[in-house]
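Novice: Got a predicted model here, sequence first, then my questions.
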Amino acid sequence: MLKVTVSGSFHRHMDAITAAVHELMALSVRVLSPADPRVVAQQGEFLFVASDPIESVRLVQDRHLESIRAANFLWLICPDGYVGQSASMEIGFAAAVGVPIFAAHLPVDLTLRQYVKMVPNLRTAMRLVSASPQRRRSEGILIDPHATVEQAHYILDRVETALTQSSSPRASVHSIYRDVVDLQKTLELPAYVQ
């Protein structure tokens, strides 16, 4: 199943974002963010939607960026060419992590245009993504907390066993380090500095 993240100006294009999310769902594409684009709260200019687990601007934005990293593609909504600052950052992030960016309309900004491939519709974007080789992207704790915590527990149980019940210390050291690396990859926590 294809996974997508949708970006755009929530203030200017929320109706188009909502329509895109519903169209993607109807096409059996998993929308990682925003999964439920109904606006439920606001903090300053920042809008929270129903699928935001916690009303924290930083946590919601980090989750959206991790959704971009885990997606097969980013669908950009900018029917009038306008791309706000947050969506501009999201385009840059997608470009940096190698996630293709598609849109039915190109941004007005010349630099952003260089990173967005214009297609006539979502089906075309899906066809292009499906035809190209895919790399596996982890969903991480911000997108799928239950599965991530379960996997982390499994790895920590292996580390505990290696530390407390091993008869071969040398083999245990290598497996412990390997497990710690696996744990770090599993959690993929963004750095948060207050």
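Specialist: Noted; the coordinates are in hand. Not measured: the values here are computed from a predicted model. Numbers count the residues shown, from 1 in each chain.

Novice: you'd agree residue 31 is up against residue 23?
Specialist: No - between residue 31 and residue 23 there is no contact, the gap being 9.8 Å when judged by CB atoms under 8 Å. Glycine gets a C-beta too; all of them are placed from N, C-alpha and C.

Novice: Settle it for me: which of those two has more neighbours?
Specialist: residue 31 (23 against 15; other CB atoms under 10 Å).

Novice: Phi, psi for the more buried one please.
Specialist: phi -90, psi 110 (degrees, to the nearest 10).

Novice: Distance of it relative to residue 15?
Specialist: To residue 15, residue 31 is 16 Å away according to CB to CB, to the nearest Å.

Novice: And residue 22, how close does it get to residue 48?
Specialist: In terms of CB to CB, residue 22 sits 19 Å off from residue 48.

Novice: swap in residue 181?
Specialist: Residue 181 is 35 Å from residue 48, by CB to CB.

Novice: three-state assignment of residue 125?
Specialist: helix (DSSP: H, G, I helix; E, B strand; the rest coil).

Novice: Helices of this protein, start to end?
Specialist: Ranges of helices within the chain are 10-26, 57-70, 85-97, 110-113, 122-131, 140-143, 145-165, 169-187, based on DSSP state H.

Novice: Looking at the second one now, give me its mean pLDDT.
Specialist: Confidence over helix 57-70, taken as the mean pLDDT, stands at 91.

Novice: which helices and strands does it pack with?
Specialist: The contact analysis (3 or more CB pairs under 8 Å, 6 or more residues apart in numbering; DSSP states H and E) places helix 57-70 against strand 3-8, strand 30-33, strand 46-49, helix 85-97, helix 140-143.

Novice: go with 7 Å
Specialist: strand 3-8, strand 30-33, helix 85-97, helix 140-143 (3 or more CB pairs under 7 Å, 6 or more residues apart in numbering; DSSP states H and E).

Novice: for the first one, same thing?
Specialist: Counting by 3+ CB pairs under 7 Å, 6+ apart, the packing neighbours recorded for helix 10-26 are strand 3-8, strand 30-33, strand 73-77, helix 122-131.

Novice: do you know which of these lies nearest residue 106?
Specialist: strand 73-77 (9.0 Å; CB to CB).

Novice: Direction included, what does that closest one pair up with?
Specialist: In the sheet containing strand 73-77, its partner strands are strand 3-8 (parallel), strand 101-103 (parallel), by DSSP bridges.

Novice: Tabulate these in CSV, adding columns for mean pLDDT and mean neighbour count.
Specialist: Output for the strands paired with strand 73-77, formatted as CSV (pLDDT from 0 to 100; neighbours: other CB atoms under 10 Å):
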stretch, mean pLDDT, mean neighbour count
strand 3-8, 97, 25
strand 101-103, 98, 22
